[in-house]
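[1] Here is my input, please return the structure:
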Amino acid sequence: MRYALHAEWTKARTVAGPAWLLLAVALLTIGLGAVVAEASALASSASAALAAHQSEDGVKLTLGGVQLSQAVVAILAVQAVSGEYATGMIRSTLTAIPRRGVALAAKACVTVGLACAAAVPAVFGAFLLGRAILVGHGYTQAAGYPAMALTAASTLRATLGSVLYLALIALLSMGIAVLVRESAIAIGAVLALLYLFPLLAHVVSDPVWQRHLLQIGPMSAGLLVQNTTGVSTLPLSPWAGLGVLAAWAAAAVAAGAFALRRRDA
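    Numbers count the residues shown, from 1 in each chain. Now for the predicted structure:
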């Protein structure tokens with residue numbers, strides 16, 4: 001396993017693509033989070049809308065960039081697999097590491113590690129910058145808004161949960177990439193799986209079906225971990241929602257591992 005990890009790490013750090021994708025994850029998470037926080041702060045500055053905005057979840061607003069940066073994480077994970085199939089390097093990889101389960105596990109460890117290395121500063125940077133923007137516009141407890149202390153249990157759950165969310169997105173994407181091999185198809189499948197359930201929930205008029213769709217969707221359920229207010233009204237508890245995404249990721253990786261064992265490179 002140590003040899004496999006070293007080989008995957010060598011491949012990841014000697015290719016320019018992953019570094020740019022990781023930078024994009026950080027910039028999108030922080031940048032979009034700041035934009036969402038600024039837009040919400042400007043909207044709440046109007047006295048007519050103040051009461052409505054006082055119930056907004058400030059922590060979740062600062063982490064809004066994750067909804068876009070997850071697509072980059074998916075691309076990073078898919079490229080880690082499909083790139084080798086496209087160049088034929090997968091044959092060399094499996095020749096050097098005949099135990100295919102070990103090869104896949106090493107690739108997953110390195111890819112998830114890289115995703116987390118970008119996600120940790122990105123998520124906490126987005127929260128700190130977004131909180132500064134909101135507080136600068138009067139988003140404080142004195143004005144009737146929810147607290148946004150980083151030391152609060154709900155805030156830590158939202159931030160750390162967002163990091164775990166991006167790590168699970170990487171695993172889900174890798175599993176799908178091993179199954180379909182083709183980069184474009186794999187990326188399309190991942191993005192469709194992530195965004196389809198929330199879109200269907202908005203189209204369906206039946207509130208029961210809306211709730212079920214939000215409960216089973218990997219993105220809609222997983223991102224519940226970011227909520228720090230109104231938790232009792234959510235379709236699932238925050239950690240249960242992240243568990244749904246974990247189940248999707250585990251199923252995808254298991255299916256990918258089975259396919260890798262059964263098919264030729």
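[2] any low-confidence regions in the stretch 101-250 of the chain?
    For the stretch 101-250 of the chain, the stretches flagged by pLDDT under 70 are 101, 143-144.
[3] ok, 80 please
    Within the stretch 101-250 of the chain, the segments meeting pLDDT under 80 span 101-103, 137-147.
[4] need the helices for it, in chain order.
    For the stretch 101-250 of the chain, the helices defined by DSSP state H, counting those that start in this stretch occupy 153-180, 183-203, 207-216, 218-222, 238-262.
[5] would CSV of those helices with mean neighbour count and distance to residue 58 be doable?
    Every C-beta, even on glycine, is put in place using the N, C-alpha and C of the backbone. Putting the helices of the stretch 101-250 of the chain into CSV (neighbours: other C-beta atoms under 10 Å; distance: least, C-beta to C-beta, whole Å) gives the following:
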stretch, mean neighbour count, distance to residue 58
helix 153-180, 23, 9
helix 183-203, 17, 22
helix 207-216, 15, 22
helix 218-222, 26, 20
helix 238-262, 18, 16
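[6] Dump these to CSV, plus distance to residue 86.
    Listed next are the helices of the stretch 101-250 of the chain as CSV, based on distance: least, C-beta to C-beta, whole Å:
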stretch, distance to residue 86
helix 153-180, 11
helix 183-203, 7
helix 207-216, 32
helix 218-222, 26
helix 238-262, 16
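[7] Not counting its neighbours along the chain, what's nearest the spatially most central residue of the chain?
    The chain has residue 166 as the residue nearest its centroid, 2.9 Å off, counting by C-alpha atoms, centre = their mean. In space, and not counting its chain neighbours, residue 166 is closest to residue 119: 4.3 Å by C-beta to C-beta, 6 or more residues apart in numbering.
[8] ok, now how distant is the one you found from residue 72?
    11 Å (C-beta to C-beta, to the nearest Å).
[9] Those two - which one has more neighbours?
    residue 119 (27 against 23; other C-beta atoms under 10 Å).
[10] does that one really touch residue 168, like I thought?
    No - the pair residue 119 and residue 168 does not pass the contact test of C-beta atoms under 8 Å, sitting 10.7 Å apart.
[11] coming back round to it: so which of the helices of the stretch 101-250 of the chain gets nearest residue 228?
    With C-beta to C-beta, the closest approach to residue 228 among the helices of the stretch 101-250 of the chain belongs to helix 153-180: 3.9 Å.
[12] Check which helices and strands the closest one sits against.
    helix 58-62, helix 66-87, helix 100-136, helix 183-203, helix 218-222, helix 238-262 (3 or more C-beta pairs under 8 Å, 6 or more residues apart in numbering; DSSP states H and E).
[13] which helices and strands sit right next to the fourth one?
    Translated: helix 183-203. Applying 3+ C-beta pairs under 8 Å, 6+ apart, we find helix 183-203 packed against helix 66-87, helix 153-180, helix 207-216, helix 218-222.
[14] How about residues contacting it?
    70-71, 74-75, 78-79, 81-83, 86, 169, 172-173, 176-177, 179-180, 209-210, 213-214, 216-220, 248 (C-beta atoms under 8 Å, 6 or more residues apart in numbering).
[15] next one: phi and psi at residue 57?
    phi -90, psi 100 (degrees, to the nearest 10).
[16] Tell me the pLDDT of it.
    Per-residue pLDDT puts residue 57 at 84.
[17] neighbours of the residue lying closest to it once chain neighbours are set aside, just the number please.
    Excluding the flanking residues, the one nearest residue 57 by C-beta to C-beta, 6+ apart is residue 229, at 4.6 Å. Neighbours of residue 229 under the rule other C-beta under 10 Å: 16.
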